[in-house]
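Participant: Fold the stuff below for me.
(chains A, B, C and D)
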Number of protein chains: 2
Amino acid sequence: MPPSIKQVALQAGVSTATVSRLLNKPESVSSDTAGKINEAIAALGFRPNFNGRNLRAGRSRTVGVVVPTLSNTVFAQCLQGIELAARALDYSVMFTATEYRQEDEAAAVNLLLSHRVDGVILTVADASASGTLDVLDREGIPYVLTYNQPQQASRLSVSVDNRAAAHDAVAHLIALGHTRIRMLAGQFNASDRAIQRYHGYLDAMRAAGLAPMAVIEVERHTLTAAADYQQMMADPRQRPTALFCSNDLLALAAMRDLRALGLRVPEDISVMGFDGIPLGEMMSPVLASAVQPSEQIGEVALRTLVAAIGQAEGSAGPVSQTLAHTIRHGGTVRVFS
Amino acid sequence: MPPSIKQVALQAGVSTATVSRLLNKPESVSSDTAGKINEAIAALGFRPNFNGRNLRAGRSRTVGVVVPTLSNTVFAQCLQGIELAARALDYSVMFTATEYRQEDEAAAVNLLLSHRVDGVILTVADASASGTLDVLDREGIPYVLTYNQPQQASRLSVSVDNRAAAHDAVAHLIALGHTRIRMLAGQFNASDRAIQRYHGYLDAMRAAGLAPMAVIEVERHTLTAAADYQQMMADPRQRPTALFCSNDLLALAAMRDLRALGLRVPEDISVMGFDGIPLGEMMSPVLASAVQPSEQIGEVALRTLVAAIGQAEGSAGPVSQTLAHTIRHGGTVRVFS
DNA sequence: TTGAAAGCGCTAACAG
DNA sequence: CTGTTAGCGCTTTCAA
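Facilitator: Got it, this is the predicted structure:
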């Protein structure tokens, strides 16, 4: 067992209360007792036990983070942003992944709540129908959604405008002369974002007077729909000129599969993604994408959460924060002049 | 404040000790008292407070993780593996990044120790000269290094054999007919792995009777050495046929810069990386690389750590675990027949 | 400026 | 099978 405040007090010849004061309000301790205590602390290698402190204080200066997976760079970057901002504000981060399983969302949050985190940052499958969020609401634990754009105006969230960003991406394809644009999406029931992006796709197609095509939903664990691609490309008149994918990983997987079928990107078919993962910009050709600022999303989410923790029940500041997206042009999209 | 074991006891008409027993050894409680207690728990929405439990028990079932950054997929995957394995063993994960700053390593570990984590998994700049590890040793906190291969035989670690893997990568280039192979590395003082991989490069060159070329050390934050590339390629007789990069991110950045200079990969110059990030396999051409099993490294590290926690001071099992690497062949490397 | 004392939530003896 | 009690490390009144 590491030394406690008690041993420090003993060693320094003061009471535990005084040691505690030095730790928390140094100016309230005379400089010579401070000296003695600091000596004792150094000699013993004392380090305050946050468990004791938290128990007493009823707060932990720790936030919980729940993301679907770290295999998708987007969430890794977001977590990176969270951790960075947390450290700057002297908060610690407890981290969990759900692998897109909704039951794991609940379990993760329960665990975090048992640790008595002061708040939670999470990305859920469906923000509008999430028992997990209801639990958080009921318990009055502050939380901030990332990537999700909840219907309920009461829920704090940080994201891009998924629908608008998808619209802009598809509009970009249309502006470049594409008319037969098909969307490839992750499973709708695992991602409300995918649905919103699909609406953005529909918006853009309709606004241009183009006929939307049937969406292809890709299984999460395989990340492939090779059979669909084959069928899709078989009939020249059915063949889309461009594929708009609901995320970059999907876009990359699709490109790989299409190439395996002997097709060239963008000569035979164009591909556009969503997320704007950094690696997309290092590839050749560059992956066109609707870029969201993931690290910043994490950073803003953390700051919003800490603000919410500070105010307890009181509300202040914007509830649903929409960060700007950009459209990354890239060689994966062919230009019809 | 959420309900405590006390309110549950009151509501159920039993003592707090009995509630605690139900929580920890359910079979030691009669089934009808169990019923009453469970009712009370459900009614109150009780959730045990781990701070109280940890304080009492002197352990937290929480491990700390310190990685350089999540911007490199390798560490994100590793963390993913850690979290997954931790969850399976009912451990929680507290996470920190250092951005490759050594002073942040120490700060991160101090914070984790204040939280009284039961052990730490970390990747440090230099495992052989790390004050941070000395602290851990002194305090007797179990820890496991990932990616680092420490000199000290006493330190638990999980990694590939960096030197051998680099050797194999370079030997692969040589087997394909390359003779003028140059190495590109991250800064040696920020990564002992980079040094080990450099030795592997030297091993392979010497074994083949080839003259090693001067290494190019790339700045971490820019990830580029465009000026060096220009100079390097200027003189046809100085020009390497292949670049071996100490990690995949570097390889990708180099390819981007080389292309910007009007050079083609692999026609004008071949590129091979290290890490085997998943995206390398989705690109076209596929990025050749020495592949390390990052997620597995995390998983094994966590299990090793938990075993070490279990045994306290006693030792058992292998100390330095070397996982198998593989060589991924890829189109970024030209074949001289 | 300092100390004594109480209590945050929980568990582990020890009795019964 | 269950209750009583003490104490983990810390902070915070309240007095001095």
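
Participant: Pretty sure residue A:217 sits in a strand.
Facilitator: Yes: going by DSSP: H, G, I helix; E, B strand; the rest coil, the assignment for residue A:217 places it inside a strand.

Participant: Near DNA strand C, which residues of chain A? Just list them.
Facilitator: Counting by C-beta under 7 Å from any atom of the strand, chain A comes close to DNA strand C at A:13-18, A:21, A:28-30, A:32-34, A:52, A:55-56, A:58. Using the backbone N, CA and C atoms, a C-beta is placed for each residue, glycine as well.

Participant: and if we set it to 10 Å?
Facilitator: When proximity is defined as C-beta under 10 Å from any atom of the strand, chain A approaches DNA strand C at A:5, A:9, A:12-22, A:25-37, A:51-58, A:114, A:116.

Participant: Point out the other helices and strands that the host helix or strand of residue A:229 packs with.
Facilitator: Secondary-structure element containing residue A:229, defined by DSSP states H and E: helix A:226-234. With contacts defined as 3 or more C-beta pairs under 8 Å, 6 or more residues apart in numbering or on different chains; DSSP states H and E, helix A:226-234 has these neighbours: helix A:248-260.

Participant: Let's see the helix it packs on as CSV, backbone CA atoms only.
Facilitator: As requested, the backbone C-alpha atoms of helix A:248-260 are provided in CSV (Å, rounded to 0.1, in the frame of the first residue of the first chain):
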residue,chain,number,x,y,z
ASP,A,248,-14.5,6.5,-45.9
LEU,A,249,-13.7,3.0,-44.8
LEU,A,250,-16.6,1.8,-46.8
ALA,A,251,-15.4,3.8,-49.8
LEU,A,252,-12.0,2.3,-49.5
ALA,A,253,-13.3,-1.2,-49.3
ALA,A,254,-15.6,-0.6,-52.2
MET,A,255,-12.7,0.7,-54.3
ARG,A,256,-10.7,-2.4,-53.4
ASP,A,257,-13.6,-4.7,-54.4
LEU,A,258,-14.3,-2.8,-57.6
ARG,A,259,-10.7,-3.0,-58.6
ALA,A,260,-10.7,-6.7,-57.9
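
Participant: can you give me the angle it makes with helix A:226-234?
Facilitator: For helix A:248-260 against helix A:226-234, the angle by axes from the mean of the first three to the mean of the last three C-alpha atoms, to 10 degrees is 60 degrees.

Participant: list the helices and strands helix A:248-260 packs on?
Facilitator: Of the remaining helices and strands, those touching helix A:248-260 by 3+ C-beta pairs under 8 Å, 6+ apart are helix A:73-88, strand A:181-186, helix A:226-234, strand A:242-245, strand A:270-275.

Participant: just to revisit the earlier point, and the helix holding residue A:229, what's buried?
Facilitator: Buried positions in helix A:226-234, judged by neighbour count with 16 or more other C-beta atoms under 10 Å in any protein chain shown: A:228-229, A:232-233.

Participant: what do you get for stretch A:147-160?
Facilitator: Taking 16+ other C-beta under 10 Å as the criterion, stretch A:147-160 shows A:147-150, A:155-160 as buried.

Participant: Ends of it, what's the gap?
Facilitator: Across stretch A:147-160, the straight-line distance between its terminal residues is 7 Å, by C-alpha to C-alpha, to the nearest Å.

Participant: Give me the contact list for that stretch.
Facilitator: Among residues not part of stretch A:147-160, those counted as contacts by C-beta atoms under 8 Å, 6 or more residues apart in numbering or on different chains are A:74, A:78, A:123-124, A:127-128, A:133, A:142-146, A:161-162, A:192-193, A:196, A:290, A:292-293, A:297, A:300-301, A:304-305, A:308, A:319-325.

Participant: Among these, which lie within strands?
Facilitator: Using DSSP state E, the members of the contacts of stretch A:147-160 that fall within strands are A:143-146, A:290, A:320-323.

Participant: now the buried residues of helix A:226-234 as JSON lines including pLDDT and distance to residue A:280?
Facilitator: Conversion of these to JSON lines gives the following (pLDDT from 0 to 100; distance: C-beta to C-beta, whole Å):
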{"residue": "A:228", "pLDDT": "82", "distance to residue A:280": "23"}
{"residue": "A:229", "pLDDT": "84", "distance to residue A:280": "20"}
{"residue": "A:232", "pLDDT": "86", "distance to residue A:280": "23"}
{"residue": "A:233", "pLDDT": "85", "distance to residue A:280": "23"}
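
Participant: Could you list the residues of chain A in contact with DNA strand D?
Facilitator: Proximity of chain A to DNA strand D is assessed by C-beta under 10 Å from any atom of the strand, with A:1-9, A:15-25, A:28, A:46-59 identified as the residues in range.

Participant: out of these, which are buried?
Facilitator: A residue is treated as buried here by neighbour count (16+ other C-beta under 10 Å); on that basis the buried members of the residues of chain A next to DNA strand D are A:2-5, A:7-9, A:18-23, A:46-55.

Participant: does residue A:321 have beta-bridge partners, and which?
Facilitator: Legend: beta-bridge partners of residue A:321 under DSSP bridges are residue A:158.

Participant: what sits against it?
Facilitator: Going by C-beta under 8 Å, 6+ apart, residue A:321 touches A:157-159, A:300, A:304.

Participant: what about the closest residue to residue A:85 other than its chain neighbours, how many neighbours?
Facilitator: Counting by C-beta to C-beta, 6 or more residues apart in numbering or on different chains, the nearest residue to residue A:85 once its immediate chain neighbours are dropped is residue A:302, at 4.0 Å. By other C-beta atoms under 10 Å in any protein chain shown, the residues close to residue A:302 number 29.

Participant: Please report the distance of residue A:302 from residue A:80.
Facilitator: According to C-beta to C-beta, to the nearest Å, residue A:302 stands 11 Å off from residue A:80.

Participant: Just the element for whatever residue of the stretch 51-200 of chain A ends up closest to DNA strand C, please.
Facilitator: With C-beta to the nearest atom of the strand, the shortest gap between the stretch 51-200 of chain A and DNA strand C falls at residue A:56, namely 3.5 Å. Taking DSSP H and E as the criterion, residue A:56 maps to helix A:50-57.

Participant: What lies in contact with the following helix or strand past that helix?
Facilitator: Next helix or strand after helix A:50-57 toward the C-terminus (DSSP H and E): strand A:62-67. The set of residues external to strand A:62-67 that reach it, using C-beta under 8 Å, 6+ apart, is A:75, A:78-79, A:82, A:86, A:91-98, A:105, A:108-109, A:112-113, A:115-124, A:146, A:302, A:305-306, B:94, B:115.

Participant: go again using 6 Å as the cut-off
Facilitator: By C-beta atoms under 6 Å, 6 or more residues apart in numbering or on different chains, the surrounding residues in contact with strand A:62-67 are A:75, A:82, A:91-97, A:108, A:112, A:117, A:119-123, A:305.

Participant: Most proximal residue of the stretch 151-300 of chain A with respect to DNA strand D?
Facilitator: Residue of the stretch 151-300 of chain A nearest DNA strand D, by C-beta to the nearest atom of the strand: residue A:156 (26.9 Å).

Participant: and residue A:106, how far is that from DNA strand D?
Facilitator: As defined by C-beta to the nearest atom of the strand, to the nearest Å, residue A:106 lies at a distance of 29 Å from DNA strand D.

Participant: Give me every residue in the stretch 51-200 of chain A that's in contact range of chain B.
Facilitator: Applying the criterion C-beta under 6 Å from any C-beta of the partner chain, the portion of the stretch 51-200 of chain A that neighbours chain B consists of A:51-52, A:54-55, A:58, A:70, A:76, A:79-80, A:83, A:93-95, A:97, A:113-116.

Participant: residue contacts, the residue lying closest to residue A:16 once chain neighbours are set aside?
Facilitator: Distances taken as C-beta to C-beta, 6+ apart place residue A:9 nearest to residue A:16, at 4.4 Å, with adjacent residues excluded. If a contact means C-beta under 6 Å, 6+ apart, then residue A:9 has A:15-16, A:19 as its contacts.
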